[in-house]
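K.L.:
Sequence first, predicted coordinates after that:
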Amino acid sequence: MKKISGILLATILVFGATFTGCSSGSGSKAQATSSSKIESVRIGTNRALGTVTPYVGKDNGTFEKAGIKPEIVDFQDGTTLMQAFATGKLDIAYVGIAPVATWQEKGVGLKVVASANGGGHVLLTREDTGINSIKDLKGKKIGDTNPGSVVDTLLRARILKEKAGLDPSKDTKIITGLAPADMPTALMVTKEVDAVITWEPFATQAESKFKGVKVLYDAGAEWKKENNGKSFYPVNVVIASQSFIDKHPDVLKKFLSANKETVDFINNQPDKANDVIAKELKLDKSIVSKARQRLDYTWQVDTSSTLQTLKWTNELGYLKSVPSKDKLFDLKYLPKK
């Protein structure tokens with residue numbers, strides 16, 4: 001990756017001076033636990049199953065109860081989110097670990113302050129392709145999302161190279177730039193690809209809508225098999241800008257406490273949580289319930305597994321080196337278990 005340009009660095013400095021990060025609202029709130037002031041926090045995320053936590057926390061009032069007013073900004077993908085984050089428009093973001101590491105390497109001041117979710121990626125094919133294992137993908141067309149994303153690095157380095165023994169660039173033809181919502185059509189209707197790498201809830205939606213969809217590789221399930229049934233591989237994390245950490249550590253602690261409470265609600269009251277998730281993502285509750293079997297929600301950070309996934313990014317040349325634990329993480333603001 002190229003180093004961050006002088007223009008982008010200047011832009012970051014300008015926005016860093018313009019946007020002060022957290023702001024205090026006026027008026028008192030009876031629910032606020034530690035102060036009569038409600039602290040506004042700008043949160044970047046997208047309406048995806050793995051990054052739905054802030055929407056749930058806002059919906060059930062968990063953040064407000066903690067004295068946080070979540071100003072959620074929705075993005076289409078991790079690239080546009082990180083561009084906004086780099087220019088100081090966000091305090092906190094829920095985003096994939098791969099773009100986080102590459103943008104930090106470019107010079108953006110940030111730290112991973114919590115985890116968000118793991119697992120959820122599925123390789124789908126059609127029953128009529130004759131593809132019965134990932135080794136059968138040799139010579140086939142595979143639909144993929146943006147290069148350098150968590151999905152892309154998982155496909156190329158973990159699934160094709162490590163598990164199938166294939167060279168992604170020579171043994172397969174990877175079609176990038178496909179939106180997850182369009183992948184089932186490309187696979188099942190136009191048949192322009194022989195397989196797709198997608199994630200939940202899109203995999204479950206495809207299984208529900210199209211006859212003849214076949215799950216070729218469930219990345220989360222395979223990871224669990226290799227790791228004694230422990231949690232899925234890390235995918236999305238919670239990051240905070242370094243300026244927000246430095247200027248508002250108390251607000252960050254309150255935010256992360258509310259985030260934990262929200263994750264606990266999602267995990268401990270799945271039926272109620274699925275109602276909220278289905279409403280926020282405009283999905284049938286049955287789709288949410290089934291899709292959740294392939295992913296998890298967590299606030300605790302598995303640093304070794306997170307760094308292991310970044311080795312895939314490094315192997316493919318998107319990341320010059322895997323960052324050190326101290327450089328990437330700042331976990332002292334996390335609540336106790």
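P.N.:
Looks like it came in fine. Numbers count the residues shown, from 1 in each chain.
K.L.:
what about the residue nearest the centre of the chain, is that helix, strand or coil?
P.N.:
Nearest to the mean C-alpha position of the chain, by C-alpha atoms, centre = their mean, lies Asn236 at 2.9 Å. Following DSSP: H, G, I helix; E, B strand; the rest coil, the label given to Asn236 is strand.
K.L.:
Just confirm Ile72 is within a strand.
P.N.:
Yes: assigned with three-state DSSP, Ile72 falls within a strand.
K.L.:
Which positions within stretch 214-230 qualify as buried?
P.N.:
Leu216, Tyr217, Asp218, Ala219, Gly220, Glu222, Trp223, Lys224 (16 or more other C-beta atoms under 10 Å). Backbone N, C-alpha and C define where each C-beta goes, glycine included.
K.L.:
so can I have CSV of those showing pLDDT, distance to Ser286 and secondary structure?
P.N.:
Putting the buried residues of stretch 214-230 into CSV (pLDDT from 0 to 100; distance: C-beta to C-beta, whole Å; DSSP: H, G, I helix; E, B strand; the rest coil) gives the following:
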residue, pLDDT, distance to Ser286, secondary structure
Leu216, 98, 23, strand
Tyr217, 98, 24, strand
Asp218, 97, 19, strand
Ala219, 97, 23, helix
Gly220, 95, 20, helix
Glu222, 95, 25, helix
Trp223, 95, 25, helix
Lys224, 93, 23, helix
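K.L.:
can you list those in TSV and add distance to Thr190?
P.N.:
Listed next are the buried residues of stretch 214-230 as TSV, based on distance: C-beta to C-beta, whole Å:
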residue	distance to Thr190
Leu216	19
Tyr217	22
Asp218	25
Ala219	25
Gly220	28
Glu222	29
Trp223	31
Lys224	34
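K.L.:
which stretches of the stretch 51-200 of the chain aren't confidently modelled?
P.N.:
Counting by pLDDT under 70, the stretch 51-200 of the chain shows no low-confidence range.
K.L.:
Just the strands from it, written as ranges.
P.N.:
Counting by DSSP state E, counting those that start in this stretch, the stretch 51-200 of the chain has these strands, from start to end: 68-74, 92-96, 110-119, 121-126, 141-143, 173-175, 195-199.
K.L.:
Can I get these in TSV including distance to Thr53?
P.N.:
As requested, these are arranged in TSV below (distance: least, C-beta to C-beta, whole Å):
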stretch	distance to Thr53
strand 68-74	10
strand 92-96	7
strand 110-119	6
strand 121-126	18
strand 141-143	28
strand 173-175	31
strand 195-199	16
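K.L.:
The ones you listed: which one's closest to Arg158?
P.N.:
Taking C-beta to C-beta, strand 121-126 is the member of the strands of the stretch 51-200 of the chain nearest to Arg158, at 9.4 Å.
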